[in-house]
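# Make a model of this:
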Amino acid sequence: MTVILLLFILGLGIYTLFTKDLLHSVIALSAISLLSAMLFYILHAPDVAITEAAVGAGVSTIIFVWIIRHTDRKESDS
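Below is the predicted model:
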């Protein structure tokens, strides 16, 4: 189970690096935080898992989405 979670985290991290849409990157980072919280719970660190889920997937995702919504989006013509 641990190896599967690590592979998903690795895949989402690579997707985050190479995607061009910032909102997709933020959603992938949020998923990485949730998977990390699950990994911490499996490794018997529930306090770290709760903190990761609250801060990593909750607060930081809301802040990133709020910032992206308040920026101007410039599309290239080509």
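
# Identify each buried residue in the lowest-mean-pLDDT helix or strand in the chain, please.
Every helix and strand in the chain was compared by mean pLDDT, DSSP states H and E; the lowest is helix 60-69, with a mean of 93. For helix 60-69, the neighbour count (16 or more other C-beta atoms under 10 Å) marks 61, 64 as buried. Heads up, the C-betas are built off the backbone N, CA and C, glycines and all.

# Any idea how far that helix is from the middle of the chain?
12 Å (C-alpha atoms, centre = their mean, to the nearest Å).

# what do you get for stretch 57-75?
The answer for stretch 57-75 is 13 Å, by C-alpha atoms, centre = their mean.

# Put the alpha carbons of it into CSV.
The C-alpha trace of stretch 57-75 is given here as CSV (Å, rounded to 0.1, in the frame of the first residue of the first chain):
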residue,chain,number,x,y,z
ALA,A,57,-4.8,20.1,1.3
GLY,A,58,-7.0,22.7,3.0
VAL,A,59,-5.6,26.1,3.7
SER,A,60,-2.8,26.3,1.1
THR,A,61,-5.2,25.1,-1.7
ILE,A,62,-7.7,27.7,-0.8
ILE,A,63,-5.0,30.4,-0.8
PHE,A,64,-3.5,29.2,-4.1
VAL,A,65,-6.9,29.1,-5.8
TRP,A,66,-7.9,32.5,-4.4
ILE,A,67,-4.6,34.0,-5.8
ILE,A,68,-5.0,32.4,-9.2
ARG,A,69,-8.6,33.8,-9.5
HIS,A,70,-7.3,37.3,-8.8
THR,A,71,-4.6,37.3,-11.5
ASP,A,72,-5.1,38.1,-15.1
ARG,A,73,-4.9,35.2,-17.6
LYS,A,74,-3.0,36.0,-20.8
GLU,A,75,-3.6,33.5,-23.6
